[in-house]
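A.B. asks: Below is the structure, and that's it, no one-letter string:
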């Protein structure tokens, strides 16, 4: 059967996460996508692989999914068909035939996440679905010092939440940058892979250091312990978005 890939954007607020669950356990992005694809496959189930298993409440601008479909569809035709079947909080941004051997998760070489955090004042209701919030401004220099701890190859066991299925907690972070604005901060982090709740735990570390409850040196020590109990709690999911997933050539192409 033809192999396809699509790039998805979604508001994760009303989903319990990406990964399909047993019937009746909640609404998932994978579940609604497979339901839409079943309509294009004559009612047959279409198994979907996602690049990232985003948690409940986490959003995406560049989630990638791959699947086999027992029919031929052009690029524009696939996108149009999916957007006519998907709910309003999920959109297919593009789609088409994928190169042989492509797999949305296993073929990925890096992922970029963004976290938006409002600091101080009153949490704006218009931003409640897309931003985390803390009640006061954070120390900018301290937050930048904390963000500078993450680049490189580290064992991130201290940041891993239970329930993951990975065999190693070692990851290579290639980018860890903070920008401050009138609302608070925007944090972007890129790596070859992420553990469950790892980015939210990174932001939790930035918040603790920015509040002054933990020095950057203390956060570095907590990272070295490889003990989740030593690390600050994760930030809420509302501010987190999967921005982009990268693949090596020629697997990064959408075929005509």
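C.D. replies: Looks like it arrived, so ask away. What you see is a predicted model, and the numbers here were worked out from it, not measured in a lab.

A.B. asks: Residue 147 against residue 179, yeah?
C.D. replies: No: taking contacts as CB atoms under 8 Å, residue 147 lies outside contact range of residue 179: 10.4 Å. Glycine gets a C-beta too; all of them are placed from N, C-alpha and C.

A.B. asks: contacting residues for the residue with the largest distance to the centre of the chain?
C.D. replies: Centroid-distance maximum for the chain: residue 42 at 31.0 Å, with CA atoms, centre = their mean. By CB atoms under 8 Å, 6 or more residues apart in numbering, the contact list for residue 42 reads residue 70.

A.B. asks: what secondary structure does it sit in?
C.D. replies: Put simply, residue 42 is coil when judged by DSSP: H, G, I helix; E, B strand; the rest coil.

A.B. asks: so how far is residue 70 from it?
C.D. replies: The gap separating residue 42 from residue 70 is 8 Å, by CB to CB, to the nearest Å.

A.B. asks: try residue 146
C.D. replies: 50 Å.

A.B. asks: between those two, who's got more neighbours?
C.D. replies: Ranked by neighbour count (other CB atoms under 10 Å), residue 146 and residue 70 place residue 146 first, with 27 against 11.

A.B. asks: helix, strand or coil for the more buried one?
C.D. replies: Looking at residue 146 with three-state DSSP, the answer is helix.

A.B. asks: ok, now which ones touch the nearest residue to residue 187 once chain neighbours are set aside?
C.D. replies: Spatially, and ignoring its direct neighbours in sequence, residue 187 is nearest to residue 115 (4.5 Å; CB to CB, 6 or more residues apart in numbering). By CB under 8 Å, 6+ apart, residue 115 lies in contact with 132, 186-189, 199-200, 202-203, 235, 239-241.

A.B. asks: just residue 114 next, same as before
C.D. replies: Contacts for residue 114 (CB under 8 Å, 6+ apart) come out as 186, 187, 188, 240, 241, 243.

A.B. asks: Just put those in a markdown table and tack on neighbour count.
C.D. replies: Listed next are these as a markdown table, based on neighbours: other CB atoms under 10 Å:
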| residue | neighbour count |
| --- | --- |
| 186 | 16 |
| 187 | 23 |
| 188 | 17 |
| 240 | 29 |
| 241 | 25 |
| 243 | 17 |
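
A.B. asks: Quick one: the residues you listed as CSV, columns for secondary structure too.
C.D. replies: Output for the contacts of residue 114, formatted as CSV (three-state DSSP):
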residue, secondary structure
186, strand
187, strand
188, strand
240, strand
241, strand
243, strand
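
A.B. asks: you'd agree residue 65 is in a helix?
C.D. replies: No: read with three-state DSSP, residue 65 is strand and lies in no helix.

A.B. asks: so it bridges to which residues?
C.D. replies: residue 6, residue 50 (DSSP bridges).
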